[in-house]
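K.L.:
Quick one, structure for this:
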Amino acid sequence: MPLITPFCGLRPAPGRAGDIIAPPYDVVSTDEARALTQGKPHSFLHVSRPEIDLPEGSDPSADAAYAKAQDNFAALQQQGLLQRDPSPSFYLYRLTQGTHSQTGLAAAASVTAYRDGRIKKHELTRPAKEDDRVRHIEALSAQTGPVFLIHRRNDRISQLLQEHSNTAPLIDLIADDGVRHQLWSITDPGAITQLSAAYEALGALYIADGHHRCAAAARVATKHANASSDAAADAVSDAANGFLAVIFPEEQTQILAYNRLIRDLNGLTRTEFLRRLEQNFELAPQTEPVTPDSAGVFGLYLEQQWYRLTLKPTVRAQQTAASDPAQQLDASLLQAFLIQPILGIDNPRTDARIDFVGGSRGHTGLTEPVDQGQMRLALALHPTSAAELMAVADANALMPPKSTWFEPKLADGLLCHLLS
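P.N.:
Numbering: from 1, shown residues only. Presented below is the predicted three-dimensional model:
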């Protein structure tokens with residue numbers, strides 16, 4: 001099976017994208033989604049967060065929520081606000097945030113390639129979240145949240161993407177958060193063949209964001225394959241063997257830090273905590289907020305004071321000699337030499353004493369919770385690189401939890417992949 005195939009995308013009607021596109025379902029809470037949809041009856045959040053149209057306090061995983069998502073999705077199509085392209089296409093999707101711009105190819109990525117390890121993962125999935133995505137796909141008979149994939153630098157692909165984005169885009173708008181979204185379609189059979197061959201030659205793609213959507217798509221594909229018994233069912237099964245993805249070159253991706261907030265000092269006084277830190281870190285008070293400028297450097301905010309933490313070379317050498325590249329990441333180093341031994345947090349995936357905040361929140365996202373007493377301290381990290389992510393995936397290893405925060409985010413509702 002090829003890595004990627006074209007598909008007949010479902011997208012906003014001309015001039016309606018601004019009424020429809022929305023942030024990804026998993027970066028906004030129910031309350032935030034309600035606020036964002038005030039005065040926006042056609043926002044895709046009515047599909048991706050359907051509980052906002054149910055009585056307050058409704059369970060977002062109840063049958064009624066998925067039924068409401070199905071009704072809202074159907075209404076957008078019946079009203080002509082979402083329209084399906086007549087022929088299979090690839091799409092170019094460009095995101096621009098400030099001075100940063102990235103252009104990727106939107107396609108149906110192969111579930112078979114995902115199962116075979118040609119689309120590589122680096123993260124465990126949680127059953128409840130995976131179940132939610134399965135039920136959402138099945139209710140809509142569509143995938144509406146694109147998976148963010150990346151690939152290694154490739155000059156041929158960069159050239160092709162540049163050539164095909166030299167025309168006027170089908171969609172060009174600036175969302176409420178200031179991010180510009182542009183979309184082009186590629187329908188020419190020759191161009192599709194060129195692009196298919198170029199991506200096939202890569203050998204592998206890497207999941208950057210969207211592990212639960214991939215896993216859910218694979219489960220849905222298995223169900224359809226097992227149920228296939230006639231021509232109509234076979235067609236659905238073929239469509240289900242692809243999942244909606246946008247694929248970006250590694251050098252264009254923008255990865256921000258994923259920082260940590262801790263609720264207490266594990267019974268230590270401030271003095272005891274700082275003294276223990278000095279066993280593994282060089283500690284330097286700072287008059288300005290700390291933005292780590294290299295690997296092995298961290299920022300600590302405690303009692304309205306910033307510190308620059310630098311992992312001692314002898315300590316860092318213990319981890320960099322490890323064969324598992326995931327153990328060499330800053331998030332792993334921080335866990336191994338500070339969060340676990342000093343603060344007593346053994347499992348950051350499940351421990352309620354730790355929380356995470358994306359780098360897009362800036363220093364304020366770290367200082368405010370501490371100053372307001374919600375958290376005791378904050379830790380700022382240096383961002384993980386795309387090369388580090390791919391090295392972990394190539395080794396069939398797992399990234400530490402909350403290691404990467406990608407900005408800007410792909411929009412929900414700009415492009416959907418129908419399974420029937």
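K.L.:
shaky segments in the stretch 151-300 of the chain?
P.N.:
Segments of the stretch 151-300 of the chain classed as low confidence (criterion: pLDDT under 70) are 228-237.
K.L.:
Could you break the protein into its assigned domains?
P.N.:
By the assignment in automatic domain parsing, the chain contains the domains 4-254+408-418, 258-382.
K.L.:
Lys402 is nearest to which of those?
P.N.:
Distances from Lys402 to each of the domains of the chain were compared by CB to CB, and the smallest falls on domain 258-382, at 4.1 Å. All C-beta spots, glycine's among them, are computed from the backbone N, C-alpha and C.
K.L.:
what comes up buried for whatever helix or strand Ala65 lives in?
P.N.:
Assigned by DSSP states H and E, Ala65 belongs to helix 63-78. The neighbour-count check on helix 63-78 (16 or more other CB atoms under 10 Å) flags Ala65, Tyr66, Lys68, Ala69, Gln70, Asn72, Phe73, Leu76 as buried.
K.L.:
Span of stretch 180-198 from start to end?
P.N.:
The first and last residues of stretch 180-198 sit 27 Å apart, counting by CA to CA, to the nearest Å.
K.L.:
quick one: contacts of that stretch?
P.N.:
Defining contact as CB atoms under 8 Å, 6 or more residues apart in numbering, one finds that stretch 180-198 is touched by 2, 4-6, 9, 11, 17, 21, 85, 87-97, 105-106, 154, 156-157, 160, 164-165, 167, 169-175, 411, 414-415.
K.L.:
Now the buried residues of helix 63-78 in CSV, please, with extra columns for pLDDT and distance to Arg349.
P.N.:
CSV is the format used below for these (pLDDT from 0 to 100; distance: CB to CB, whole Å):
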residue, pLDDT, distance to Arg349
Ala65, 97, 25
Tyr66, 98, 27
Lys68, 98, 31
Ala69, 98, 28
Gln70, 98, 32
Asn72, 98, 33
Phe73, 98, 32
Leu76, 98, 36
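K.L.:
Out of those, which comes closest to Val357?
P.N.:
For the buried residues of helix 63-78, the closest approach to Val357 (CB to CB) belongs to Ala65, at 27.3 Å.
K.L.:
thinking the closest one is in contact with Glu51, fair?
P.N.:
Yes - between Ala65 and Glu51 there is a contact at 4.9 Å, judged by CB atoms under 8 Å.
K.L.:
before we move on, the earlier item: then the helix holding Ala65 to PDB, C-alphas only?
P.N.:
As requested, C-alpha coordinates have been extracted for helix 63-78 and formatted as PDB (Å, rounded to 0.1, in the frame of the first residue of the first chain):
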ATOM      1  CA  ASP A  63     -24.400   8.700  23.300                       C
ATOM      2  CA  ALA A  64     -26.300  12.000  23.100                       C
ATOM      3  CA  ALA A  65     -23.100  13.900  22.400                       C
ATOM      4  CA  TYR A  66     -22.100  11.700  19.400                       C
ATOM      5  CA  ALA A  67     -25.600  11.900  18.100                       C
ATOM      6  CA  LYS A  68     -25.500  15.700  18.400                       C
ATOM      7  CA  ALA A  69     -22.100  15.700  16.500                       C
ATOM      8  CA  GLN A  70     -23.700  13.700  13.800                       C
ATOM      9  CA  ASP A  71     -26.700  16.000  13.500                       C
ATOM     10  CA  ASN A  72     -24.500  19.200  13.500                       C
ATOM     11  CA  PHE A  73     -22.100  17.700  10.900                       C
ATOM     12  CA  ALA A  74     -25.000  16.700   8.600                       C
ATOM     13  CA  ALA A  75     -26.600  20.200   9.000                       C
ATOM     14  CA  LEU A  76     -23.400  21.900   7.800                       C
ATOM     15  CA  GLN A  77     -23.500  19.700   4.600                       C
ATOM     16  CA  GLN A  78     -27.200  20.000   4.000                       C
END
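K.L.:
now that helix, how far from the centre of its chain.
P.N.:
Remark: helix 63-78 is offset 24 Å from the chain centroid, using CA atoms, centre = their mean, to the nearest Å.
K.L.:
Can you report how many residues neighbour Ala239?
P.N.:
Close neighbours of Ala239, defined as other CB atoms under 10 Å, add up to 21.
K.L.:
which element is it on?
P.N.:
Using DSSP H and E, the element containing Ala239 is helix 231-240.
K.L.:
after that helix, next one along is what?
P.N.:
Scanning forward in sequence from helix 231-240, with DSSP H and E defining helices and strands, the next element found is strand 242-249.
K.L.:
For that following strand, what is the distance to the chain centroid?
P.N.:
On the basis of CA atoms, centre = their mean, strand 242-249 sits 12 Å off its chain's mean C-alpha point.
K.L.:
Extract the C-alpha trace of that strand and format it as CSV.
P.N.:
What follows is strand 242-249, C-alpha atoms only, in CSV (Å, rounded to 0.1, in the frame of the first residue of the first chain):
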residue,chain,number,x,y,z
GLY,A,242,-6.7,6.1,5.0
PHE,A,243,-6.6,8.7,7.8
LEU,A,244,-6.7,12.4,7.4
ALA,A,245,-3.2,13.9,7.7
VAL,A,246,-1.1,16.9,6.9
ILE,A,247,2.5,16.2,6.3
PHE,A,248,5.2,18.9,6.9
PRO,A,249,9.0,18.9,6.3
